[in-house]
Every structure is written in C-alpha cells, then in structure tokens.
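Novice: sequence-free structure coming up:
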C-alpha cells in the first residue's frame with residue numbers, strides 16, 4: 001500500500017531499481033532538469049516529490065523557486081524600474097515585461113491602479 005497526501009493506494013507491483021548512493025539534481029544552462037545517480041549511469045527526467053506525512057512537496061519546484069529568487073536578488077537596481085506604492089507598502093510585485101507585448105503594455109496602463117492598492121511593482125523590461 002502507498003499513502004500519498006493521506007490517501008491510500010494499491011499500486012501495481014513495484015520493481016526495484018539499482019540506484020545506489022546519492023541522487024543529484026542536474027540543471028542544464030537551457031533550464032532543463034534531470035536527476036542522476038553518483039556515477040551518472042542512471043538518470044531520469046521529471047519532478048521529484050517528497051512524500052512526507054503532511055503531504056507531497058514538489059522538491060523540484062522548491063529548488064527552482066530558490067534559484068529564481070537568487071537571480072532576482074543578483075539583478076542590479078539600475079536594471080529595474082520601480083513604482084512606489086501610494087500608501088503603506090503591503091507587498092511587492094516583480095514583473096518581467098516586453099515593451100512590444102500588448103499584454104505588457106496593458107499592465108503599464110494599469111500601474112496606477114496597482115500602486116493605489118499599495119502594491120509596489122518592480123518592472124524588468126526585456127526587449128526581444
């Protein structure tokens with residue numbers, strides 16, 4: 001029996017895999033993620049979950065989120081445009097925009113509404 005998020009399942013018979021040692025998360029410059037054994041002989045592509053007693057945790061997404069936050073923190077302030085909240089700052093919205101994108105242009109037309117809601121958007125412009 002297998003328990004996932006508190007629900008019991010009876011899966012088909014499990015097959016043992018010969019993976020010994022530590023499992024490594026490998027991130028390629030292209031952004032692709034895969035997992036490998038110590039020797040690089042056994043690999044799989046997909047999402048790694050931690051099946052903890054309190055439910056599933058997407059380990060792959062947790063690591064991706066940490067990587068994105070590190071990249072955002074490394075951006076120099078001169079590469080961003082900041083719109084201050086009109087009242088007390090209650091949050092921050094980080095937006096990547098393309099100045100040629102009609103949806104991004106619409107967002108910029110609504111910046112006043114966002115700052116009036118006391119959110120402080122930081123826009124990072126990207127030109128393609």
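Specialist: That came through fine. Computed from a predicted structure; not experimentally measured.
Novice: what about the lengthiest helix in the chain, average pLDDT?
Specialist: For the chain, the longest helix by residue count, based on DSSP state H, is helix 59-74. On average, the pLDDT along helix 59-74 is 88.
Novice: Next secondary structure after that helix?
Specialist: Where DSSP states H and E defines the elements, the next helix or strand beyond helix 59-74 is strand 81-82.
Novice: partner strands of that following strand, parallel or antiparallel?
Specialist: Using DSSP bridges, strand 81-82 pairs in its sheet with strand 119-126 (antiparallel).
Novice: tell me the mean pLDDT over the partner strand?
Specialist: 55.
Novice: what do you get for stretch 9-26?
Specialist: Stretch 9-26 shows a mean pLDDT of 87.
Novice: Do me a favour and get the end-to-end distance for it?
Specialist: End-to-end distance of stretch 9-26 (C-alpha to C-alpha, to the nearest Å): 31 Å.
Novice: thinking again about what came up before, need the contact partners of the longest helix of the chain.
Specialist: Where contact means C-beta atoms under 8 Å, 6 or more residues apart in numbering, the residues beyond helix 59-74 that reach it are 25, 27, 33, 46-50, 94. Backbone N, C-alpha and C define where each C-beta goes, glycine included.
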